[in-house]
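>>> need the 3D shape of this:
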Amino acid sequence: MAVAHTNLRRLPALPLNPRIIILNMGPIFVWSAVVASLLTQVTASSINIGPLPALLALVALAFGIPHGAADNLTMVHSLNWQGWVRLAVTYLSIAGAAAFLIIAVPTIGFVLVLAMTVWHFGTGDVEATQELQGRAPIAGKFRVLYALALGSAPVLLPLTSPAALSTVVSLEPRLAAIYSSQVTTITRAIVLTLIVGTIVALIDRGDLRGAFELFTLAILGLVVSPLIAFAVYFGFWHAARHTARLALVTSGTVSIRSLADVTKVGIPSLVGFVAILTGLTIFFGSEAFTGTVLWIALALVWGLTVPHMWFVTRFDNRIRAERRHLNRGTNQNNASLIE
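Residues are numbered from 1 along each chain as shown. Okay, here's the model as predicted:
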């Protein structure tokens, strides 16, 4: 009896595209956090989140910290040692002044930092997502609308949750003058209206992925405990995309090696974060995560984000201009070929 042998051609393995992995990592972690929050009932109304969720939040925050310490990669020209000294003094002076404003006048400092944070996260995610997908920059009024929605979803929605309201006021009682249930309710309604309008606009533009991602961030902000929601977004969404974007600009490609090259620049900041956190825990015990100590620590972190935002804004403007020029040249070449 003859046995027929069929030669089956093995299909080639599909290469893993780091850009796709980075873009999909954020939504995957966000929806995992949403499901875990619903199963454990550690939601946006939970004041006490327990040690394990708090630990996971710290891990997510630690994962995102190095991206903020790679601001030198956003610069066009390298510096000599004198330039680095001037840059460091300027950077720390701006951060110190911002932190002092937050501590001394929290009602003004907190609002200003929140506004800057919303714009920073929103514009950063708009630019990173477009670049990683190889799309042309978004311009005009829609970019402003899109950026405000993308920044408000992971920042303002968690901060207007019941848990955040009681926690923030307990950390800094002077914020009670501007941070009340009425204010948070109105803010949340405005943000949700902005998000819904932007989702409709994205669908109308044919950007279904953008609409899904904005919806995902809105669910994160509405459902998950504020600390966990921000940590997951910061570490596995915003920081990951910014790191991939820096890798693309500095190396011309997004690969494991280029991502590692960008990340290692920020490793000292991560080591410093762990060391400071450990020192505060040893010295203050559980009080390190409550009251005045935590508020001062948050003010210092927010202060450091101010010069970081300035660097990234300059970087955004430069890359957008370069990409617009490149796209304009490509369109002209295509037109000449058609003619």
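>>> so which helix or strand of this structure has the lowest pLDDT on average?
Scoring the helices and strands of the chain by mean pLDDT, DSSP states H and E places helix 291-338 at the bottom, with a mean of 73.
>>> excluding chain neighbours, what is closest to H238?
Excluding its sequence neighbours, the residue lying closest to H238 (Cβ to Cβ, 6 or more residues apart in numbering) is F121, at 5.8 Å. Glycine gets a C-beta too; all of them are placed from N, C-alpha and C.
>>> can you give me the buried ones in the helix or strand harbouring the one you found?
Using DSSP states H and E, F121 maps to helix 106-132. Within helix 106-132, the residues that qualify as buried by neighbour count (16 or more other Cβ atoms under 10 Å) are 106, 109-110, 112-114, 116-132.
>>> return stretch 51-58 as CSV; C-alpha atoms alone will do.
Output in CSV follows, covering the C-alpha atoms of stretch 51-58 (Å, rounded to 0.1, in the frame of the first residue of the first chain):
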residue,chain,number,x,y,z
PRO,A,51,-0.8,46.7,49.6
LEU,A,52,-0.8,44.6,46.5
PRO,A,53,-2.6,47.1,44.2
ALA,A,54,-0.3,49.9,45.7
LEU,A,55,2.8,47.8,44.9
LEU,A,56,1.6,47.2,41.3
ALA,A,57,1.0,50.9,40.9
LEU,A,58,4.5,51.7,42.1
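>>> ok, residues contacting it?
T40, V42, I49, S225, L227, I228, A231, V232, L277 (Cβ atoms under 8 Å, 6 or more residues apart in numbering).
>>> the residue nearest to the first one when sequence neighbours are not counted in helix, strand or coil?
By the measure of Cβ to Cβ, 6+ apart, the closest residue to T40 outside its immediate chain neighbours is P53, 7.5 Å from it. When the structure is split into helix, strand and coil by DSSP: H, G, I helix; E, B strand; the rest coil, P53 lands in helix.
>>> now do P53 against P162, distance only.
In this structure, P53 and P162 are 17 Å apart, going by Cβ to Cβ, to the nearest Å.
>>> so between these two, which is more surrounded?
With neighbours defined as other Cβ atoms under 10 Å, P53 and P162 compare such that P53 has more, 21 against 15.
>>> for the helix or strand harbouring V35, name the packing helices and strands.
Taking DSSP H and E as the criterion, V35 maps to helix 18-40. Taking 3 or more Cβ pairs under 8 Å, 6 or more residues apart in numbering; DSSP states H and E as the contact definition, the neighbouring helices and strands of helix 18-40 are helix 106-132, helix 208-223, helix 226-233, helix 239-251.
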